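Participant: here's a sequence, model it:
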Amino acid sequence: MRKLAAAFALMASPALASGIQIEVEGEGANGTIVIDLLEDVAPLHVEQITALAAEGQYDGVVFHRVIEGFMAQTGDVENGRMGSDMRYAGTGGSDRGNIKAEFSDVPFDRGVVGMARSQSPDSANSQFFIMFDEGHFLNGQYTVVGRVTEGMDVVDAIKRGHRQSGAITGQPDMMKTVTVTE
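Facilitator: Take a look at the predicted model:
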């Protein structure tokens, strides 16, 4: 009976194995966001994010798509660095391969972090987004990789983009540094 209860507890509340800390800088947001990554929910995605963070690949990458009441997207390590041609931000990934979808029952609530992808469910690479509010229409369609545990006030302050597209006018806020935490 204890084994069954322990297994149910793990399914109900995923273990938080590692995380990332993001130092945000910009016109809208300045401060630290701490994200616990859900290694037991999306191990391949968490491995990719932590490897890119450990290599410094996310440092200087902008929040290129930010939609009020929805989410803030970042992580284009190929085309989304501060100083790059921002017309291409959001079109790239990393030199690592795309990742097969790891859909789960974890809902897209406020503060949840999901992996961005193209039309193909198996096309996630380096980009991710942080939810400003719940977006349950994404459930089962995108991979959940983590949850913000500190710094939602910083997330809430990220400079917003155009109402429909989320494209940023002027200088976007950026992830100055991203480090792996244990």
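
Participant: check contacts around the residue nearest the centre of the chain.
Facilitator: Relative to the mean C-alpha position of the chain, the nearest C-alpha, by CA atoms, centre = their mean, is the one of F128, at 3.2 Å. Listed by CB atoms under 8 Å, 6 or more residues apart in numbering, the contact set of F128 reads I49, Q73, T74, G75, V113, G114, M115, A116, V145. For every residue, glycine as well, the C-beta is placed using N, CA and C.

Participant: let's have the residues you listed in a markdown table, adding pLDDT and neighbour count.
Facilitator: Below are those laid out as a markdown table (pLDDT from 0 to 100; neighbours: other CB atoms under 10 Å):
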| residue | pLDDT | neighbour count |
| --- | --- | --- |
| I49 | 97 | 29 |
| Q73 | 98 | 23 |
| T74 | 98 | 29 |
| G75 | 97 | 29 |
| V113 | 98 | 26 |
| G114 | 98 | 26 |
| M115 | 98 | 26 |
| A116 | 97 | 21 |
| V145 | 98 | 29 |
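
Participant: same list, those, but as a markdown table with distance to V62 and secondary structure please.
Facilitator: Putting those into a markdown table (distance: CB to CB, whole Å; DSSP: H, G, I helix; E, B strand; the rest coil) gives the following:
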| residue | distance to V62 | secondary structure |
| --- | --- | --- |
| I49 | 17 | helix |
| Q73 | 10 | strand |
| T74 | 7 | strand |
| G75 | 10 | coil |
| V113 | 17 | strand |
| G114 | 18 | strand |
| M115 | 18 | strand |
| A116 | 14 | coil |
| V145 | 19 | strand |
